[in-house]
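Asks: Would you be able to build a 3D model of this:
(one chain, ligands or ions: 2)
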Amino acid sequence: MAVYTEVSDEDLRSFIAQYDLGAVVSCKGIAEGVENSNYLLVTETGPFILTLYEKRVDPADLPFFLGLMEHLSARGVTCPLPVRGRDGEALRSLCGRPAVIVTFLAGMWPRRILPEHCAALGEGLARLHLAGADFPLRRANALSLDGWRTLHAATHGRADAVKPGLAAALAAELAELERCWPADLPCGVIHADLFPDNVFFRDGALSGLIDFYFACNDILAYDVAVCLNAWCFEADGSFNVTKARLMLASYMKVRPLSAAELEALPLLARGSALRFLLTRLYDWLNTPAGALVKRKDPLEYLHKLRFHQQVRGIGEYGLTLPAGAA
Ligand SMILES: Nc1ncnc2c1ncn2[C@@H]1O[C@H](COP(=O)(O)OP(=O)(O)O)[C@@H](O)[C@H]1O
Ligand SMILES: N[C@@H](CCOP(=O)(O)O)C(=O)O
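Replies: Ligands and ions are numbered 1, 2, ... in the order given. Predicted coordinates for the structure are as follows:
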């Protein structure tokens, strides 16, 4: 359960008094999520989500995240909308944390991922990429090569306690990615964390996207690689090529991937695997005992990294290069 900051009834009442939302009916911590404190807030006017931003969120980035949700929503991507108070502001402070109320999205994220979820996800991701193209704000990806190097330095000394040999494996992979990370692929606004728990479905159709707090400007195909890792492996660790093919084909119906983007996918998938391996490892080593949060297994991502290190071409993701490509 991700509730790092407890909000007292009194603090909540004076916070809500700044909005036209009516009185608080209930406010319960949400037993999901990793990064921030989230509450399901029900007022006389309906349900909302109250988020207090914690450790990894730089307050200077919040205008980017909140503006992006408004921008995407205005372009038909269903996502939460920040709620403004009577003073016109959405972003304020609660219990010493930056805090926002956003609209509640109906739907459920898929607990058991089916191939049709992957197809819908591919299309939704491509639509997000197109809708983000004219978003005017910019945010560098804090969790790309430089961020990985920082996380690596912070975890290196204790990595072998999690798995013998992990420290050396991470050092070698990071050095290799720093050497050959692509520099000339199409970039734009990416979600960067579009895991199943951030994608809602309703009556079998994708109904909305949440959790834009890693969104940034980076390689668009990197976002595809994040989703390959998050959606296309089974619980036993096997890669499901049918899910990958459906996800990629649906993405490409909306935003075709160039031969260069397709050829880079194995490398981008390695980078994505390293990114989540490092953040999970950092959290594994640093989450205080008794924190109300479920730590995620870093080694799941070591396994995914190993898989992509062996991939020799995109045929292994169920695709062929477009005719005429090398
Ligand atoms: N706008 C929303 N509408 C409905 N539920 C939401 C919304 N935002 C968050 N949630 C719920 O809160 C959970 C955690 O939210 P998330 O943004 O993923 O947290 P974190 O950033 O801490 O990882 C989600 O899995 C979902 O159940
Ligand atoms: N998706 C990340 C953790 C971030 O959690 P989220 O609840 O913000 O999606 C992971 O799986 O490591």
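Asks: so what's the spatially most central residue of the chain up against?
Replies: The chain has residue 193 as the residue nearest its centroid, 1.4 Å off, counting by CA atoms, centre = their mean. Listed by CB atoms under 8 Å, 6 or more residues apart in numbering, the contact partners of residue 193 are 211, 213, 214, 226. Any C-beta I mention is one placed from the backbone N, CA and C, and that applies to glycine too.
Asks: The residue nearest to the first one when sequence neighbours are not counted: neighbouring residues, count only.
Replies: So that's residue 211. Spatial nearest neighbour of residue 211, chain neighbours left out: residue 198 (4.3 Å); criterion: CB to CB, 6 or more residues apart in numbering. Close neighbours of residue 198, defined as other CB atoms under 10 Å, add up to 19.
Asks: before we move on, what about residue 274?
Replies: Neighbours of residue 274 using other CB under 10 Å come to 25.
Asks: show me the contacts for the residue in the chain that ligand 2 sits nearest to.
Replies: Across the chain, no residue is closer to ligand 2 than residue 34, which sits at 3.7 Å (CB to the nearest ligand atom). Under the criterion of CB under 8 Å, 6+ apart, the neighbours of residue 34 are 2, 283, 293, 294, 296.
Asks: do that again at 10 Å, thanks
Replies: 2, 54, 56, 193, 195, 197, 211, 279-280, 283, 287, 293-296 (CB atoms under 10 Å, 6 or more residues apart in numbering).
Asks: just those residues now: which is nearest ligand 1?
Replies: residue 211 (3.5 Å).
Asks: ok, that closest one touching residue 30?
Replies: No. Applying CB atoms under 10 Å, one finds residue 211 not in contact with residue 30, separated by 11.7 Å.
Asks: overlap in contacts of those two?
Replies: Common neighbours of residue 211 and residue 30 (CB under 10 Å, 6+ apart) are 36, 38, 51.
Asks: For ligand 1, tell me which of these show up nearby.
Replies: 36, 38 (CB under 6 Å from any ligand atom).
Asks: mind listing which of the shared contacts of residue 211 and residue 30 are in helices?
Replies: Judged by DSSP state H, helices contain none of the shared contacts of residue 211 and residue 30.
Asks: and the shared contacts of residue 211 and residue 30 as CSV, adding pLDDT?
Replies: Shown next, in CSV, are those (pLDDT from 0 to 100):
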residue, pLDDT
36, 90
38, 93
51, 96
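Asks: Buried residues in the helix or strand hosting residue 172, which are they?
Replies: Using DSSP states H and E, the element containing residue 172 is helix 166-180. Across helix 166-180, burial judged by 16 or more other CB atoms under 10 Å covers 166, 167, 169, 170, 173, 174, 177.
Asks: tell me what the following helix or strand past it is packed against?
Replies: Next helix or strand after helix 166-180 toward the C-terminus (DSSP H and E): strand 187-190. Judged by 3 or more CB pairs under 10 Å, 6 or more residues apart in numbering; DSSP states H and E, strand 187-190 is in contact with helix 62-74, helix 115-131, strand 216-219, helix 220-231.
Asks: Can you tell me which of those is nearest to residue 161?
Replies: helix 220-231 (24.5 Å; CB to CB).
Asks: What about contact with ligand 1: does that closest one have any residue there?
Replies: No. Contact of helix 220-231 with ligand 1 is not found when judged by CB under 6 Å from any ligand atom; the minimum separation is 12.7 Å.
Asks: got it, and stretch 80-91?
Replies: Yes. Shown here: stretch 80-91 in contact with ligand 1 (CB under 6 Å from any ligand atom) through residue 80.
Asks: quick revisit: in a strand, that's where the residue nearest to the centre of the chain is, yeah?
Replies: No. Looking at residue 193 with DSSP: H, G, I helix; E, B strand; the rest coil, it is coil, so not inside a strand.
Asks: Can you tell me how far it is from residue 231?
Replies: Using CB to CB, to the nearest Å, residue 193 is found at 12 Å from residue 231.
Asks: Other residues contacting stretch 24-32?
Replies: 1-7, 9, 12-13, 15-17, 36-51, 109, 197, 292-294.
Asks: Just the ones in strands from those residues, please.
Replies: 37-43, 46-51 (DSSP state E).
Asks: was I right about residue 280 contacting residue 295?
Replies: Yes. If you go by CB under 10 Å, residue 280 and residue 295 touch, sitting 7.5 Å apart.
Asks: Compare those two and say which one has the larger neighbour count.
Replies: residue 280 (21 against 13).
Asks: where does the more buried one fall, helix, sheet strand or coil?
Replies: helix.
Asks: Setting aside sequence neighbours, what's the nearest residue to it?
Replies: residue 298 is the one closest to residue 280 (CB to CB, 6+ apart), at 3.9 Å.
Asks: What are the neighbouring residues in contact with the one you found?
Replies: Here residue 298 is in contact with 155, 159, 162-163, 166, 170, 276-285 (criterion: CB under 10 Å, 6+ apart).
Asks: out of the residues you listed, which are buried?
Replies: Judged by 16+ other CB under 10 Å, buried ones among the contacts of residue 298: 155, 159, 162, 166, 170, 276-285.
Asks: Can you tell me the SS state at the residue in the stretch 1-150 of the chain that ligand 1 sits nearest to?
Replies: Proximity of the stretch 1-150 of the chain to ligand 1 (CB to the nearest ligand atom) peaks at residue 33, 2.7 Å away. With three-state DSSP as the basis, residue 33 sits in coil.
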